[in-house]
Structures are given as structure tokens and as C-alpha cells.
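1. coordinates for the following, if possible.
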Amino acid sequence: MIRTMLANGAVEAEKIMKMAEEQGISLRTLKRAKSELGVNSVKRNDKWYWEMPIETGFTDYDEGCQECQTPLALLNEGAM
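-> Reported below is the predicted structural model:
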């Protein structure tokens, strides 16, 4: 349900919660699914929205350039 709703961009959190309630999905289950999918909460114009995380293709920034978020492996390859 969450992936489908957020497929085209951010959706107001209240709308998602209302739809989940209408489908018999508990708030706890909805929040667990949100967490497992890595959905972000963002506040815009005094309203909360949920959005899917941006896909970067990188999974680990622990090593490398923190400022530009380039993994160490790419820096070593001369990609910069």
C-alpha cells in the first residue's frame, strides 16, 4: 500500500493514515511498514508528508568523502 501511494512522490501523512484505517490496517502496522521501507517524513507548509527515499545506488558512506558523499572506493578509482 505505501509503495503504491508514494510511487509518484510525497503524500500527506494524514491521507495515508486515513486510507490505512479504511483498509483495516492498524497505525502500529503502518508505522512498522514505513520504517522497514525506509520512508522519510518531511514537513512542508505545516503539514507532514511521507516520501520514498532517494535511490543513490550507494549503500555505505562510512568511508570516503562525507561532504560530497562519495564512497572511498570511487575516490580511489579517480572518479572525482
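2. can you give me the helices for the protein?
-> Ranges of helices in the chain, per DSSP state H, are 2-6, 13-22, 27-37, 72-76.
3. can you redo those as CSV with mean pLDDT?
-> Putting the helices of the chain into CSV (pLDDT from 0 to 100) gives the following:
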stretch, mean pLDDT
helix 2-6, 91
helix 13-22, 96
helix 27-37, 95
helix 72-76, 51
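4. got those as JSON lines, with mean neighbour count and distance to Trp50 columns?
-> For every residue, glycine as well, the C-beta is placed using N, CA and C. Shown next, in JSON lines, are the helices of the chain (neighbours: other C-beta atoms under 10 Å; distance: least, C-beta to C-beta, whole Å):
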{"stretch": "helix 2-6", "mean neighbour count": "15", "distance to Trp50": "6"}
{"stretch": "helix 13-22", "mean neighbour count": "14", "distance to Trp50": "5"}
{"stretch": "helix 27-37", "mean neighbour count": "12", "distance to Trp50": "7"}
{"stretch": "helix 72-76", "mean neighbour count": "13", "distance to Trp50": "31"}
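5. which residues touch Glu21?
-> If you count contacts by C-beta atoms under 8 Å, 6 or more residues apart in numbering, Glu21 has them with Leu27.
6. against Ala10, how distant is it?
-> Using C-beta to C-beta, to the nearest Å, Glu21 is found at 20 Å from Ala10.
7. report pLDDT for Met1.
-> Note for Met1: predicted pLDDT of 86.
8. run a quick neighbour tally on it.
-> 12 (other C-beta atoms under 10 Å).
9. do you know how far the closest residue to Arg3 other than its chain neighbours is from Ala20?
-> Nearest non-adjacent residue to Arg3, counting by C-beta to C-beta, 6 or more residues apart in numbering: Leu37, 6.8 Å away. Leu37 is 14 Å from Ala20, where distance means C-beta to C-beta.
10. for stretch 7-27, measure first residue to last.
-> Its first and final residues considered, stretch 7-27 spans 21 Å by C-alpha to C-alpha, to the nearest Å.
11. who's in contact with Met17?
-> The contact partners of Met17, taken as C-beta under 8 Å, 6+ apart, are 27, 30.
12. I am finished for the moment; much appreciated.
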